[in-house]
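Enquirer: the sequence and its predicted three-dimensional model are supplied below.
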Amino acid sequence: MLADKDLEMFLLLCLLLLVTADPVSAQTPINITVSVGSTAVLPCDLSRESSALSSSESPHVQWRISSGVVFETHPEKPHQGEGYEGRVDVPEDQLRNGDCCLFLNNVTTEDEGEYECYLLENQTDSSLPSKRVFQQRVNLVVKKSEINSSARRDSSTVPDVYVFVKKSQTESSGLNLTCLATGFYPKDLKMRLRRFTTSLPDHLLTSSGVRPNGDGTYQLRKSVDVQEEDTAGYDCSVEHSALQDPVIKPWDGTYSGSSGDNRWIIGGVVVGLLLLVSIVIGIIVCKRRKSKSPSQSPPAGGEGTPLSPVPPQPVVNGSCVRNKTDEDTEMVEEDQQEEE
């Protein structure tokens with residue numbers, strides 16, 4: 001059994017876990033792999049419940065890494081973090097539609113790492129800083145390029161193709177499946193979102209159109225809304241002159257979810273910790289009550305209580321005769337004095 005101090009320390013650790021529980025950590029990141037010198041497009045779409053989409057102003061968005069801010073939108077002049085000056089941007093036209101993708105040009109190996117997208121919301125008290133609402137985490141992997149940037153305009157480069165999923169902004173019970181091709185040259189590229197190898201009609205798709213990257217290559221993104229209960233058979237097919245065969249990226253139908261969709265997981269962890277804390281508190285209370293309760297003395301002659309030895313009584317003619325005491329001696333002396 002643990003000592004009281006050990007139990008109290010354990011209880012303190014449990015409470016600390018409850019206080020520091022971070023829902024962001026429960027969100028699975030999207031993995032993006034690009035080559036050195038190319039342009040990385042880090043996806044982030046605002047959730048359909050976001051009040052920022054109903055505002056007349058563009059959403060206030062911030063991209064961060066562990067060491068600080070990478071990019072933050074601003075009405076006058078966007079903020080670009082140290083080391084990212086002139087290389088990062090979130091286009092204003094797509095931002096108004098809830099598309100907060102970060103364009104990172106001329107990628108270097110130092111850019112590799114986890115990026116997080118936040119929506120900044122003003123609080124009722126203007127003296128308080130803006131509240132950060134987590135949106136998306138992206139893990140950027142940078143690989144060495146076999147073709148230098150100066151040669152890209154004179155040769156074909158293969159597109160990097162990605163498939164990722166988020167909650168739909170238009171359907172409450174739907175998902176948004178997106179296919180992204182980036183880093184390709186020349187700009188002519190054919191992208192098809194398919195289901196069971198059949199191309200989906202254009203009127204169901206949303207396309208960004210072919211856009212230039214900062215290194216002379218291009219990127220294209222298309223997306224479609226799908227139902228959560230009907231996710232089988234989807235893939236993305238990309239054809240380009242630099243490819244011998246089309247690149248086909250299937251979607252396995254799984255959805256990692258956003259921070260809000262992991263609320264059941266987080267709630268279960270919190271409930272479990274609360275239950276554990278309750279048990280520990282109960283043990284501590286019971287032990288303290290037991291230690292404070294008065295101890296009961298065992299009955300006389302009971303087990304564990306030695307009895308005082310009783311001197312044996314002499315026996316005379318079958319009768320017990322008590323031992324002579326000092327009082328008896330004094331009485332005998334008084335009788336002798338009276339006789340004299």
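Expert: Structure received.
Enquirer: which helix is the longest one in this protein?
Expert: Looking across the chain with DSSP state H, the single longest helix is helix 263-292.
Enquirer: how about that one: buried residues?
Expert: I266, L273, V277, V280, I283, I284 (16 or more other CB atoms under 10 Å). Yep, even glycine has a C-beta here, placed from its N, CA and C like the rest.
Enquirer: now the last one: how far from L273?
Expert: As for I284, its distance to L273 is 16 Å (criterion: CB to CB, to the nearest Å).
Enquirer: now the strands for the stretch 1-150 of the chain?
Expert: All strands of the stretch 1-150 of the chain, identified by DSSP state E, counting those that start in this stretch, fall at 30-35, 40-42, 61-65, 68-72, 79-80, 88-89, 102-104, 113-121, 131-143.
Enquirer: deepest-packed of those, please.
Expert: strand 40-42 (a mean of 26; mean count of other CB atoms under 10 Å).
Enquirer: show the end-to-end separation of stretch 59-67, please.
Expert: 23 Å (CA to CA, to the nearest Å).
Enquirer: ok, residues contacting that stretch?
Expert: 42, 44, 46, 50, 52-53, 69-74, 88, 90, 95, 98, 100, 102, 113-122, 130, 132 (CB atoms under 8 Å, 6 or more residues apart in numbering).
Enquirer: what does the average pLDDT come to for it?
Expert: For stretch 59-67, mean pLDDT is 92.
Enquirer: what do you get for stretch 229-245?
Expert: On average, stretch 229-245 scores 93.
Enquirer: ok, now stretch 190-204?
Expert: 95.
Enquirer: export it as CSV, just CAs?
Expert: What follows is stretch 190-204, C-alpha atoms only, in CSV (Å, rounded to 0.1, in the frame of the first residue of the first chain):
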residue,chain,number,x,y,z
LYS,A,190,-4.8,16.3,-66.1
MET,A,191,-6.3,15.5,-62.7
ARG,A,192,-9.4,13.4,-62.1
LEU,A,193,-11.2,12.5,-58.9
ARG,A,194,-12.7,9.1,-59.4
ARG,A,195,-15.0,6.5,-57.7
PHE,A,196,-14.5,2.9,-58.7
THR,A,197,-12.3,4.1,-61.6
THR,A,198,-15.1,6.3,-63.0
SER,A,199,-14.4,10.1,-63.2
LEU,A,200,-16.7,12.3,-61.1
PRO,A,201,-18.4,15.1,-63.2
ASP,A,202,-16.9,18.5,-63.1
HIS,A,203,-20.0,20.2,-61.6
LEU,A,204,-19.4,18.2,-58.4
